[in-house]
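My questions concern the predicted model and sequence given below.
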Amino acid sequence: MSQPGFFDAERRYEALDAAGDPLVALHRAVAWERFRPQLLSALHAAGARVSPALRKSAAGCKPWDEVLMFKVLILQHLYNLADDRVEYMIRDRLSFMRFLGLGLHDKVPDAKTVWAFREALTKSNAATALFETFSEQLQALGYAARGGQIIDATIVPVPVNRN
C-alpha cells in the first residue's frame, strides 16, 4: 500500500461526481438552511436544546448542528438504514461524508445521538412536517426521493404532466 497523496481525496470526489453521485444533486437542490428555524423550535419544544443564554456553563460537548442531523435522518430514510448502520455508513462512504459536510478526520454522530435527535423531533410532532417540507422542495424542483436498498436509492427527475 502506497503513502496517501495530497490530492487523493479530491480525485476520489471527482470520480464520484463523474459517476453521478445523487447526493451531490440533492445537496445542491435543497435549501437546507430553510429547515434550521423549524428544527431549532422543535428541539427547544422537546427540551433537547437550550438557548446559549440559559446554559449554566460552556462546559461539555456542544450539540451537533441541527441541519447536519436532519441530513442524517434524510440519509436514513433514503437508504433505509438503522441508527447503527447509518453511523457506520457515514464513517465508510465518502459520498455520505461529503453530503453532510464532514471530512475524513471529523467526528461522526453516533447511533444514540441519531436516535435522540429523531425522538426529539417526534416528541415535538415536527418530524412529519419537516419531511413533508423536504418532499415539497424536491417536487418543486422536479425531483422525487425514492428510498429503498442502499444499492438502488436514487433521486430521479419526475416526469412533467402536460395536460
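Alright, I've got the coordinates. Numbering: from 1, shown residues only.

Can you list the low-confidence ranges for the protein?
1-7, 9, 145-156, 163 (pLDDT under 70).

the strands in it, which residues?
Secondary structure of the chain by DSSP state E: the strands cover 143-146, 154-157.

ok, the residue most central in space within the chain - contacts?
When C-alpha atoms, centre = their mean is applied to the chain, the residue found nearest the centroid is residue 71 (1.5 Å). With contact set as C-beta atoms under 8 Å, 6 or more residues apart in numbering, residue 71 has these partners: 32, 99, 100. Heads up, the C-betas are built off the backbone N, CA and C, glycines and all.

any chance of these in a markdown table, plus neighbour count and distance to residue 51?
Below are those laid out as a markdown table (neighbours: other C-beta atoms under 10 Å; distance: C-beta to C-beta, whole Å):
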| residue | neighbour count | distance to residue 51 |
| --- | --- | --- |
| 32 | 17 | 22 |
| 99 | 21 | 29 |
| 100 | 22 | 25 |
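
Out of those, flag the one nearest to residue 86.
Residue 86 lies nearest to residue 100 out of these, by C-beta to C-beta, at 10.5 Å.
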